[in-house]
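Q: no FASTA, just this:
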């Protein structure tokens, strides 16, 4: 199996955490794959018309798209029930949290592109920037109120939330998301010390790429 991969992509990192948690890292060849919003990568387009990573090429010729699909594929392959609980309540809690974490990541990526492409500061007067900021703040406050629940287990929802918070540290240090959210910060510090999270820490390798690609 080959995985179109980047050490900076939070969605790729989700897949890598699942591979570590289920002891399948050695089953996948990672292929460093730069992708840009405005510069489609022909190699990725051939397999994934949306030009997104992660994309997984299976040995039998099938192609799996999107971190949610790929993560669940690997969990099923390993007969894992910790990341994706068998019971309905646990499964839908985990996948709903995953949707929240992935949605936060989507929002952060759009927010960054919006202000960067227009030459605006992240907090410039702009109705879209205001809305992005409000949604991020509201999501973080919501997670702070649920920090006690987050510590109960480590499923795919917690994986997604933990990676979204790490992405805030990587791209959005100016937001200081820990301020006023001590319980969420404590939870994140604890999960960030898991072997799977430590093994997949974000690495900015832009300087090593021939074209200086950002992703």
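A: The structure has been received and is ready for your questions. If you're wondering where the values come from, they're calculated on a predicted model, not measured in any experiment.

Q: where does residue 124 land on pLDDT?
A: Turning to residue 124, the model gives it a pLDDT of 81.

Q: could you point out where the protein is predicted with low confidence?
A: For the chain, applying pLDDT under 70 flags the ranges 209-215.

Q: Domains of it: list them as residue ranges, please.
A: 2-80, 88-200 (the TED database).

Q: Turn those into TSV, columns for distance to residue 206 and mean neighbour count.
A: (Each C-beta comes from the backbone N, C-alpha and C, glycine too.) Converted to TSV, those look like this (distance: least, Cβ to Cβ, whole Å; neighbours: other Cβ atoms under 10 Å):
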stretch	distance to residue 206	mean neighbour count
domain 2-80	8	17
domain 88-200	12	16
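
Q: Spell out the residue ranges of the strands in the protein.
A: For the chain, the strands defined by DSSP state E cover 2-5, 29-32, 55-57, 63-65.

Q: Contacts for stretch 54-69, please.
A: 1-5, 9, 11-12, 14-15, 28, 44, 47-48, 50, 52, 70, 73, 98, 102 (Cβ atoms under 8 Å, 6 or more residues apart in numbering).

Q: what's the spacing between it and its chain's center?
A: Computed by Cα atoms, centre = their mean, to the nearest Å, the chain-centroid distance of stretch 54-69 equals 16 Å.

Q: And the lengthiest helix in the chain, what does it pack against?
A: As assigned by DSSP state H, the longest helix anywhere in the chain is helix 88-117. Contact partners of helix 88-117 among helices and strands, from 3 or more Cβ pairs under 8 Å, 6 or more residues apart in numbering; DSSP states H and E: helix 10-21, helix 67-77, helix 127-145, helix 156-171.

Q: and the first one, what other elements does it pack with?
A: Yep, that's helix 10-21 we're talking about. In terms of contacts (3+ Cβ pairs under 8 Å, 6+ apart), helix 10-21 is packed against strand 2-5, helix 67-77, helix 88-117, helix 156-171, helix 195-198.

Q: Same list, those, but as JSON lines with distance to residue 141 please.
A: Below are the helices and strands packed on helix 10-21 laid out as JSON lines (distance: least, Cβ to Cβ, whole Å):
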{"stretch": "strand 2-5", "distance to residue 141": "33"}
{"stretch": "helix 67-77", "distance to residue 141": "25"}
{"stretch": "helix 88-117", "distance to residue 141": "12"}
{"stretch": "helix 156-171", "distance to residue 141": "13"}
{"stretch": "helix 195-198", "distance to residue 141": "23"}
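
Q: out of these, which comes closest to residue 125?
A: When those are compared by Cβ to Cβ, helix 88-117 sits nearest residue 125, at 11.4 Å.

Q: distance between the closest one and the chain's centre?
A: With Cα atoms, centre = their mean, you get 8 Å for helix 88-117.

Q: angle of it against helix 67-77?
A: Relative orientation of helix 88-117 versus helix 67-77 (axes from the mean of the first three to the mean of the last three Cα atoms, to 10 degrees): 150 degrees.

Q: relative orientation of helix 88-117 and helix 127-145 in degrees?
A: 150 degrees.

Q: Would you list the phi and psi of the residue of the chain most remote from its centre?
A: Distance from the C-alpha centroid of the chain peaks at residue 125, with 28.3 Å (Cα atoms, centre = their mean). In terms of degrees, to the nearest 10, the main-chain angles of residue 125 are phi -70, psi 110.
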